[in-house]
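A.B. asks: quick one, fold the following:
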Amino acid sequence: MGIYRVMKRLGGYPCSHRQWKDDGHCSYLHGYDRFIELTWQGERDHRGWVVDFGGLKVLKQDFENQFDHTTLIAHDDPHMSTWQQLHEAGAIDMRMMDPTIEGMCEWVSVVAQSFTQTYFPNAELVKVQCFENEKNSASWRKSGSVHG
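C.D. replies: Numbers count the residues shown, from 1 in each chain. From the prediction side, this is the model:
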């Protein structure tokens, strides 16, 4: 017996955002095809799995709802009223959250940890890596976790 690590990649989620605090072109609305990689560790269950990849439907729905064809806008964006009007008019599907890739990592880690505790008690989420495109990513690791 031993501890195993397994990884699942989800996405792409076409998603737009703006980072209004940027001094350059990232302050404009733009988008990427985002991906999420989740890594769990744990012991194998009665079927021999750490995580049942077929049992991720609820988690996938949460990610699709948050990132698939949505527009991420920071809570403190100075043009919030404009974004709210566009959302109400049906021109964008706005989600208020930290629009950075680090913010995405944080949001995903909270949602995925809760999901894991509910559905896979033999597993522990140890890493989240989010990609905003093929070149840029950020990762979150559970405190005390060493991942190679």
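A.B. asks: please make it C-alpha for all contacts and neighbour counts, starting now.
C.D. replies: Will do.
A.B. asks: all the helices of this protein, in order from the start?
C.D. replies: Chain-ordered helices for the chain, with DSSP state H as the definition, fall at 57-67, 80-88, 101-119.
A.B. asks: mind putting these in a markdown table, mean neighbour count, distance to Glu132 and mean pLDDT included?
C.D. replies: Converted to a markdown table, the helices of the chain look like this (neighbours: other CA atoms under 10 Å; distance: least, CA to CA, whole Å; pLDDT from 0 to 100):
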| stretch | mean neighbour count | distance to Glu132 | mean pLDDT |
| --- | --- | --- | --- |
| helix 57-67 | 16 | 11 | 97 |
| helix 80-88 | 14 | 21 | 98 |
| helix 101-119 | 17 | 6 | 97 |
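A.B. asks: including distance to Phe131, could these go into CSV?
C.D. replies: Rendered in CSV, the data for those read as follows (distance: least, CA to CA, whole Å):
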stretch, distance to Phe131
helix 57-67, 12
helix 80-88, 24
helix 101-119, 7
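A.B. asks: between the ones you listed, which one is closest to Lys135.
C.D. replies: Each of those has some distance to Lys135 by CA to CA; the shortest is helix 101-119, at 11.9 Å.
A.B. asks: for the closest one, the distance to its chain's centre please.
C.D. replies: In terms of CA atoms, centre = their mean, to the nearest Å, the centre of helix 101-119 is set 7 Å apart from its chain centre.
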